[in-house]
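Participant: Below: sequence and its predicted model.
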Amino acid sequence: MASSDSPSSLPPTAPLSEQKENALPISSKIAELTESRTELLSRIQGLKQDLQSWRSKMDTQVKVYQTELSELKKSLNVEVDQLRSEFQELRTTLKQQQEDVTASLKNLDLQDVPGEPEAELIEAESNGKTQDLPTETADKETIN
């Protein structure tokens, strides 16, 4: 049995002081990792706050732009409506002027053709006689 008590047959165990030395680097590594983790969590929290602040600012900016765009749209619609109204008035005026010119041309053709009063007036003046010939307005009233 003396041979069974030999150092080679016992399971190898490190002395207690050696285990403490090995545990020290592990505990310092754990402390380092914990510190690093805390620092990373702190940075993540800061980034989350920055992101939330940025989103809030962007939401505010978007609302401001939407309000401005809405006001511009309303203003543009008012101007477009005014332009439409003005164009309609112009169309009406031009149409009326065209009708007036057409009517005037028709009246001129009717006055010149049947009796040709201008020729009669010239002839009467050359003879020294003054005659009352119908005026244009009288002719227009009879035609209309």
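Facilitator: All right, it came through fine.

Participant: looking just at contacts, which helices and strands does the longest helix along the chain meet?
Facilitator: Longest helix in the chain, counting residues (DSSP state H): helix 16-112. Packing contacts for helix 16-112, counted by 3 or more C-beta pairs under 8 Å, 6 or more residues apart in numbering; DSSP states H and E, involve helix 136-143. C-beta here means a position set from N, CA and C on the backbone, and glycine is covered the same way.

Participant: average model confidence for the helix it packs on?
Facilitator: The average of the pLDDT scores along helix 136-143 is 48.

Participant: Show me the shaky parts of this structure.
Facilitator: Across the chain, the ranges flagged by pLDDT under 70 are 1-24, 112-144.

Participant: let's go with 90 and repeat that
Facilitator: 1-28, 106-144 (pLDDT under 90).

Participant: so who does Phe87 touch?
Facilitator: By C-beta atoms under 8 Å, 6 or more residues apart in numbering, the contact set of Phe87 is empty.

Participant: from here on, count from 12
Facilitator: Sure, I'll start counting at 12 from here, so that last one is Phe98.

Participant: quick one: it from Asp92, how far?
Facilitator: Distance, Phe98 to Asp92, using C-beta to C-beta, to the nearest Å: 11 Å.

Participant: Likewise for Ser67?
Facilitator: Counting by C-beta to C-beta - Ser67 and Asp92 are separated by 38 Å.

Participant: Could you check how many residues crowd around Leu121?
Facilitator: Using other C-beta atoms under 10 Å, Leu121 has 13 neighbouring residues.

Participant: oh, I was asking about Asn118
Facilitator: Asn118: 15 neighbours (other C-beta under 10 Å).

Participant: ok, so what distance separates it from Lys68?
Facilitator: Distance, Asn118 to Lys68, using C-beta to C-beta: 74 Å.

Participant: Same question for Leu119.
Facilitator: 75 Å.

Participant: just Leu58 next, same as before
Facilitator: Counting by C-beta to C-beta, the gap from Leu58 to Lys68 is 15 Å.
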